[in-house]
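*Asks:* Need a 3D model of the sequence below.
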Amino acid sequence: MSAAVLSDIWMQFVETRQQKLRDELITEYAPLVRFVVGRLGIPPTSLLEMDDLLSYGTIGLINAVDRFDPARGVRFEAFATPRIRGAVIDHLRALNWLPRTAVSRARQIEAALASLEQRLGRPAKEEEVAAELDVSIERYRQMLLDASTTVLSLDVTLNTLPNDDMSTLKEMLEDQDTPGPAEEAERHELVLALSSAIDQLPEREQLLLALYYQEELTMKEISKVMSISESRVCQLHMQAIMRLRGMLHAQKPEGSQSIPRKHTEKSIRTQKASKHDPLHLQQAAEIKGRQEMEAVVGGKHKRLI
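*Replies:* Now for the predicted structure:
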């Protein structure tokens, strides 16, 4: 677009404030946003992607278009550049969870260190920096701790893999909820041992375990199904758990630690999922090992009923 045409658009926009003219001006000066953002020197591993930075810069451009007055004799590029830069920096500051006082103290420390090292000709000591800042040693060390905190996005791309493969920080972190190979193998062995041990239980105790862990009936409800007292249900339940612990302990090699009661109960307990609730079934399907445990307890239940 020629300078004469652009000048006419500005004059018409100042007089009429038409939305169409405003959009034409924003489109014409859109490359200025990319130029200004590129000169800010923001690293690609920052909290925001380039598209986000350009969006914030465009907001500054729109504000500049609305406030610009060609009659003042100032070029629009010179008028809009600080506003575009300021819009991006303001949003970056809003993402920084550190208070402005902490950022200010960090800058004071940097200035004090630079000033002292220039005067002394050597690295400054803690006492000297604290005296320069007129604070105590403890306060100076606390200021260092406040300024040392770094916030990184889990979506930051890290070029740390061979062959220039890109990976995010989230992919590089260890998932504490995912069991390792040894834990997975141990769990599988425990499921097999538990299945074998449940097969050796009396049918009455197998039925009780199926009602309690798979059907999730209460002790009172189980007592009505089995036509026994609630206290008797508790006794049979404890007896079944003790039988399983004894069988599993007998199968373990000598010198191995015994299996705690909580670990035994956790292994035979199925996750809460109703056969008629698709949402619960979907959630339960995401839990590793659930199918094996249902086969261990649920299979006996079907045969007994």
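*Asks:* what about stretch 114-129, start to end distance?
*Replies:* End-to-end distance for stretch 114-129: 10 Å, by Cα to Cα, to the nearest Å.
*Asks:* what's the answer for stretch 124-137, then?
*Replies:* So stretch 124-137: terminal residues 13 Å apart, Cα to Cα.
*Asks:* Tell me which residues of that stretch come out buried.
*Replies:* 124, 128-133, 135 (16 or more other Cβ atoms under 10 Å). For the C-beta atoms, the positions are set from N, CA and C on the backbone; glycine is no exception.
*Asks:* who's in contact with residue 89?
*Replies:* residue 40 (Cβ atoms under 8 Å, 6 or more residues apart in numbering).
*Asks:* quick one on the thing from earlier: out of the buried residues of stretch 124-137, who's nearest residue 227?
*Replies:* Taking Cβ to Cβ as the measure, residue 135 is the one of these closest to residue 227, at 78.6 Å.
*Asks:* re the thing from before, list the ones among the buried residues of stretch 124-137 that fall in helices.
*Replies:* Among the buried residues of stretch 124-137, DSSP state H puts 128-133 in helices.
*Asks:* Quick one: those as CSV, columns for pLDDT and distance to residue 211 too.
*Replies:* Below are those laid out as CSV (pLDDT from 0 to 100; distance: Cβ to Cβ, whole Å):
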residue, pLDDT, distance to residue 211
128, 89, 75
129, 88, 71
130, 89, 70
131, 89, 76
132, 87, 75
133, 87, 71
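*Asks:* Residue 115: which of the residues you listed is nearest?
*Replies:* residue 132 (7.0 Å).
*Asks:* Count the neighbours of the spatially closest residue to that closest one that is not a sequence neighbour for me.
*Replies:* Spatial nearest neighbour of residue 132, chain neighbours left out: residue 112 (4.4 Å); criterion: Cβ to Cβ, 6 or more residues apart in numbering. Neighbourhood size, residue 112 [other Cβ atoms under 10 Å]: 19.
*Asks:* what comes up buried for whatever helix or strand residue 112 lives in?
*Replies:* Element membership for residue 112, per DSSP states H and E: helix 100-120. Neighbour-count burial for helix 100-120, counted by 16+ other Cβ under 10 Å, picks out 105-106, 109, 112-113, 116.
*Asks:* which other residues reach it?
*Replies:* 96, 123-124, 128-129, 132-133, 140, 143-144, 146-147.
*Asks:* Please report the distance of the residue nearest to residue 132 from residue 122.
*Replies:* Residue 112 is 15 Å from residue 122, where distance means Cβ to Cβ, to the nearest Å.
*Asks:* For the contacts of helix 100-120, give me JSON lines that also has distance to residue 79.
*Replies:* Supplementary listing: those in JSON lines, determined by distance: Cβ to Cβ, whole Å:
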{"residue": "96", "distance to residue 79": "28"}
{"residue": "123", "distance to residue 79": "45"}
{"residue": "124", "distance to residue 79": "43"}
{"residue": "128", "distance to residue 79": "46"}
{"residue": "129", "distance to residue 79": "42"}
{"residue": "132", "distance to residue 79": "41"}
{"residue": "133", "distance to residue 79": "39"}
{"residue": "140", "distance to residue 79": "43"}
{"residue": "143", "distance to residue 79": "39"}
{"residue": "144", "distance to residue 79": "41"}
{"residue": "146", "distance to residue 79": "38"}
{"residue": "147", "distance to residue 79": "35"}
